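Visitor: what shape does this take:
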Amino acid sequence: MPQTNKIFPLLTALCLALAAAGPASARDGAEIAKIFDSGVAAYDAGNYQQAFKIWWDLRYEDLAAMRNLAMMLRKGQGVAKDPKKAEEIYQRAAEAGLPTAQADLADMLLKGEAGPPDLASALPLLEAAAAANHPVAQFQLGELYETGAPPLVPQNLEVARQLYAAAAGHGMKEAADRLRVVGPPTVQQQPPQPQSVQQQSQQTSPQPAQRQPVAAAAVPATSPSMPAVSPDHRP
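Guide: As a prediction, the model looks like this:
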């Protein structure tokens, strides 16, 4: 059974708990942004416990804060490392459409950080993030198409080239290096647009309050030149 399906009962319980214990009063976008940015300042200063506390206070209201909480739980920054909890929170942000969360969760699933590696669950997340121009997702998806991963991913060098070219266009050195090996795309076009991750799942996720947080390619997931430890920042 895919890993994503295994966490749905936990996710449902979490969503019900969040609905019951939401913030006492709504905050406007400017106030949320100010609080969020104070978390970024704390994180950049190395005060991870304070950053986690600040973003935790925004967990009902802001997708970028939600993704950053998951990232810190994944890494054990300012809080005990908890891959399962990280996956649950990433899942909520990913289903709400945040590309950084989609890419990070896909990376966790591919690596099997909270259970066995799960390509079937990672693939729609990678496709959604790659379609939103997330460079690491484009690179990882390109690797799958270059080699093939039957029966889920057929080998297709042209799609791999297009994905590598897109990631290289966002400054990813590994993609540019790989493109020199496999050659440039024959046709200069975007890879086929995948079905969104929201359509891939029947699970209902909570909606962010009013404000869509971060540009699609703001923070990549993982690669040697693009580390996963960066929090989402606001443009």
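
Visitor: what stretches of the chain score poorly on pLDDT?
Guide: 1-25, 188-230, 233-235 (pLDDT under 70).

Visitor: can you map out the helices along it?
Guide: According to DSSP state H, the chain carries its helices in the segments 3-20, 29-44, 48-56, 63-75, 83-95, 99-111, 119-131, 135-147, 157-169, 173-182, 197-200.

Visitor: okay, the ones you listed, which one's buried deepest?
Guide: Comparing these by mean neighbour count (mean count of other Cβ atoms under 10 Å), helix 99-111 ranks first with a mean of 28. Glycine gets a C-beta too; all of them are placed from N, C-alpha and C.

Visitor: next, the angle helix 83-95 makes with that helix.
Guide: Angle of helix 99-111 versus helix 83-95, following axes from the mean of the first three to the mean of the last three Cα atoms, to 10 degrees, is 140 degrees.

Visitor: please save the CA atoms from helix 99-111 in CSV.
Guide: Taking Å, rounded to 0.1, in the frame of the first residue of the first chain, the C-alpha atoms of helix 99-111 are listed here in CSV:
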residue,chain,number,x,y,z
PRO,A,99,5.2,23.5,-4.9
THR,A,100,8.0,23.5,-2.3
ALA,A,101,5.9,21.2,-0.1
GLN,A,102,5.1,19.0,-3.1
ALA,A,103,8.8,18.7,-4.0
ASP,A,104,10.0,18.2,-0.4
LEU,A,105,7.4,15.5,0.3
ALA,A,106,8.2,13.7,-3.0
ASP,A,107,11.9,13.8,-1.9
MET,A,108,11.1,12.2,1.4
LEU,A,109,9.0,9.5,-0.2
LEU,A,110,11.6,8.7,-2.8
LYS,A,111,14.3,8.3,-0.1
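
Visitor: so which elements touch that helix?
Guide: The criterion is 3 or more Cβ pairs under 8 Å, 6 or more residues apart in numbering; DSSP states H and E, and the helices and strands that helix 99-111 contacts are helix 63-75, helix 83-95, helix 119-131, helix 135-147.

Visitor: so which of the helices of the chain comes closest to residue 232?
Guide: Nearest to residue 232 among the helices of the chain is helix 63-75 (3.9 Å), distances taken as Cβ to Cβ.

Visitor: by contact count, what packs against that closest one?
Guide: Going by 3+ Cβ pairs under 8 Å, 6+ apart, helix 63-75 lies up against helix 29-44, helix 48-56, helix 83-95, helix 99-111.

Visitor: as TSV, the ones you listed with distance to residue 177 would be great.
Guide: Listed next are the helices and strands packed on helix 63-75 as TSV, based on distance: least, Cβ to Cβ, whole Å:
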stretch	distance to residue 177
helix 29-44	30
helix 48-56	33
helix 83-95	28
helix 99-111	19
